[in-house]
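In: Model the structure of this input:
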Amino acid sequence: MTTVSAQPLSGADRYPGWLQGAAVGLVAAIAGTIILIAVGALGGRGTAILGQVGMGLWPTAVRSLTGASPAVSYLISHTTLYLVAGIVALALARTADRLPILLTGLVLVILVIEFAYLVVMTGSRATGRFDDLTWRSVLIAHLAANVFLLIGTLWVHPTLKAAFQRSNDE
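Out: Residues are numbered from 1 along each chain as shown. Now for the predicted structure:
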């Protein structure tokens with residue numbers, strides 16, 4: 001008879017779910033920021049793109065609360081949103097293990113949120129808050145950060161990780 005305490009824990013199972021979600025979100029935020037700077041550099045702006053993206057709606061709210069520069073307010077808002085997104089994504093994925101129908105609702109909610117984000121970003125471009133390069137850079141970085149968020153969530157999610165391990169063993 002094997003007890004639970006006698007079984008070794010994998011690296012991912014040693015940490016609480018919220019911490020794993022925060023780590024996934026942080027990696028996604030860092031990846032998105034690096035890609036934003038890289039795309040900005042390709043467009044000739046380098047790190048100055050952070051200040052231009054800092055003129056967006058959410059960073060403007062952070063700036064009004066903190067008095068931080070546009071670049072810093074962007075980094076604060078971007079990192080905070082992805083930390084929360086990582087925690088929520090992992091929590092919902094784990095809840096979907098118990099209630100599979102939730103996964104369908106989760107996909108629909110994600111689609112609505114992403115569509116709303118695209119509408120807001122397009123509105124920022126249309127109202128002159130963002131120029132073409134800034135708008136494209138943000139969309140590319142957002143897509144990359146979301147890919148990192150998805151891969152990270154799949155990587156630390158226990159059921160999905162077990163399914164991938166089983167498929168590799170066969």
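In: give me the number of residues near the nearest residue to Y74 once chain neighbours are set aside?
Out: Of all residues not flanking Y74 in the chain, G54 sits nearest, at 3.8 Å (Cβ to Cβ, 6 or more residues apart in numbering). Just so you know, the C-beta spots here come from the backbone N, C-alpha and C atoms, and that holds for glycine as well. G54 has 23 neighbours, counted by other Cβ atoms under 10 Å.
In: I'd say G54 and P70 touch.
Out: Yes: the pair G54 and P70 qualifies as a contact (Cβ atoms under 8 Å) at a distance of 2.7 Å.
In: what is in contact with the two at once?
Out: Shared contacts of G54 and P70, defined by Cβ atoms under 8 Å, 6 or more residues apart in numbering, are found at R63.
In: Report the contact partners of T159.
Out: D97.
In: could you measure it against F148, distance?
Out: Applying Cβ to Cβ, to the nearest Å, the value for T159 to F148 is 20 Å.
In: cool, and I113?
Out: 17 Å.
In: Those two: which is more packed in?
Out: Per other Cβ under 10 Å, whichever of I113 and F148 has more neighbours is F148, with 21 against 11.
In: which element is that one on?
Out: Taking DSSP states H and E as the definition, one finds F148 inside helix 132-156.
In: How about L26?
Out: Here L26 is assigned to helix 17-42, by DSSP H and E.
In: A23 and G86 touch, don't they?
Out: Yes: applying Cβ under 8 Å, one finds A23 in contact with G86, separated by 7.1 Å.
In: so what sits against both of those two?
Out: With Cβ under 8 Å, 6+ apart, A23 and G86 have common neighbours G152.
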